[in-house]
Every structure is written in C-alpha cells, then in structure tokens.
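> Quick check, what structure comes out for this input:
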Amino acid sequence: MTVATDGRPTNIQGQMTLQEYLDYDHDTDTWYELEDGVLVDMSGEHPLNCRIAVMLLFLFYRLGIAEQLLAIGHQIEVRSSSATCRQPDLIVHTVESDAALTGDDKILYLGLPSPLLVVEVASSTLTDSTSRKRDYENKPREYADRGIPEMWIIDPDRNWVKIGTLTDAAYQFETFMGDDAIVSPTFSALNLTASQVLSAGR
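Residues are numbered from 1 along each chain as shown. Predicted coordinates for the structure are as follows:
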C-alpha cells in the first residue's frame with residue numbers, strides 16, 4: 001500500500017481495496033464512503049441530517065425495536081460500479097443481520113444477511129448533481145440488489161420523505177410531505193408526519 005499526496009492510502013493502481021478502507025485510520029472526524037476504490041468525503045452534511053437519524057433511532061426504539069438492532073455507523077458492502085461500501089444514516093437490522101456482525105465488525109459483507117431497513121438523509125440534491133444521482137439512483141439500486149426490504153430517502157432540501165418498498169428487485173417509492181402521515185409497510189405503528197421527520201421532531 002502507498003499513500004497519496006492528500007494522505008489517503010492507495011494501492012499501486014491508485015485505488016483502495018475494501019480491506020484497506022476498513023483498516024484505514026484517518027484520525028479525524030471526517031466520514032468517508034468508499035466509491036469505486038476512492039475515499040469520498042461525506043462529512044459536509046448539514047447537522048440536521050444527524051439529528052434526523054438520531055430522532056428516528058429513538059422513535060424505532062420506542063416502537064419496541066431492540067436496541068441492538070438499531071445502528072448508526074454500520075456499513076454495507078454493495079455490488080456496484082460506483083461504490084464498494086455504503087454507510088446509511090440509520091440501519092434497522094434483522095436478528096440475522098445483527099448476528100452476522102461478529103466482534104468489532106460494523107460491515108455487512110456480500111453474502112451476509114441484509115438488514116430490514118436503511119435510511120438515507122440526502123444532502124444538496126438541488127444543487128449537486130453528483131449527490132442527487134448518488135442518493136436517488138445509485139443507492140436505491142445498490143440496496144435493492146442486496147435485497148433490503150425497505151429504504152427511506154429523507155430530503156430536507158426538497159421537503160419530502162420517500163418510503164421505498166422492494167418490489168420485483170426495485171424500490172417503489174411513495175412520497176410524503178408536510179402533514180402527510182408516513183406509511184411504512186414494515187412499521188405500521190408509526191405515528192409520524194413528514195414535517196416531524198424533516199424538522200427532526202422539533
């Protein structure tokens with residue numbers, strides 16, 4: 001392994017392997033995803049994004065989801081030409097996907113059971129075409145390929161929450177805005193509106 005001028009470790013071809021990415025200690029608060037062997041800085045997100053994820057974590061916990069099945073910071077290996085590993089803002093595990101994480105592992109490798117739900121809080125989709133494609137095209141395709149039954153896309157810039165249900169290997173999304181009550185096929189007991197999500201419950 002070599003190190004690029006910006007401090008990122010790379011192999012001879014200039015790309016990180018998944019194992020190099022997992023072993024990489026960048027010693028900062030920066031959050032990276034690995035896209036096609038390249039570290040992508042994801043730390044520029046609005047603070048609201050983290051608050052939304054935390055609010056939903058507590059909401060699912062109050063619905064009776066066991067705390068060990070709720071995760072922020074876990075990652076999912078995907079099959080994609082644009083990414084190697086994704087880190088959703090929130091994951092709701094199944095018992096099987098949680099059990100597949102052994103020791104300090106925080107990644108669900110290909111072939112391991114997939115979680116029940118992934119939540120992505122989108123950023124800058126009105127102004128950044130790369131972010132828009134990542135959140136609305138790449139990630140839904142990658143998560144669908146992993147067989148994850150439900151995906152949420154929460155977009156504060158567009159003021160909507162999209163709930164995707166996996167149907168015939170692709171997500172069918174329903175859009176919720178304002179005072180619309182969010183309908184989740186997996187979590188029927190939700191008592192939540194789109195505006196409550198977008199404002200992080202405030």
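
> Please make it C-alpha for all contacts and neighbour counts, starting now.
Noted.

> unless I'm mixing things up, Ala71 is touching Ile91, no?
Yes - between Ala71 and Ile91 there is a contact at 5.1 Å, judged by C-alpha atoms under 8 Å.

> So these two - more neighbours on which side?
Neighbours per residue (other C-alpha atoms under 10 Å) separate Ala71 from Ile91, with Ile91 holding more: 24 against 20.

> The more buried one touches Ile76, doesn't it?
No - counting by C-alpha under 8 Å, no contact exists between Ile91 and Ile76, whose distance comes to 9.7 Å.

> Got the domain ranges for the chain?
1-44, 45-198 (automatic domain parsing).

> Deepest-packed of the ones you listed, please.
Stretch with highest mean neighbour count among the domains of the chain: domain 45-198 (a mean of 17; mean count of other C-alpha atoms under 10 Å).

> so how far is that one off the chain centroid?
Offset of domain 45-198 from its chain centre (C-alpha atoms, centre = their mean, to the nearest Å): 5 Å.

> ok, now stretch 186-199?
18 Å.

> could you dump that stretch to CSV, C-alpha only?
Coordinates of the C-alpha atoms in stretch 186-199 are reproduced here as CSV (Å, rounded to 0.1, in the frame of the first residue of the first chain):
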residue,chain,number,x,y,z
THR,A,186,-42.8,-2.6,7.8
PHE,A,187,-43.6,-0.4,10.7
SER,A,188,-47.4,0.0,10.7
ALA,A,189,-47.5,1.5,14.2
LEU,A,190,-45.7,4.7,13.1
ASN,A,191,-47.4,7.9,14.3
LEU,A,192,-45.3,10.3,12.4
THR,A,193,-45.7,13.0,9.8
ALA,A,194,-43.2,14.1,7.1
SER,A,195,-42.8,17.5,8.7
GLN,A,196,-41.9,15.9,12.0
VAL,A,197,-39.2,13.9,10.3
LEU,A,198,-37.8,16.8,8.3
SER,A,199,-37.6,19.0,11.4
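
> picking up where we left off before, same list, the domains of the chain, but as a markdown table with mean pLDDT please.
Listed next are the domains of the chain as a markdown table, based on pLDDT from 0 to 100:
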| stretch | mean pLDDT |
| --- | --- |
| domain 1-44 | 52 |
| domain 45-198 | 93 |
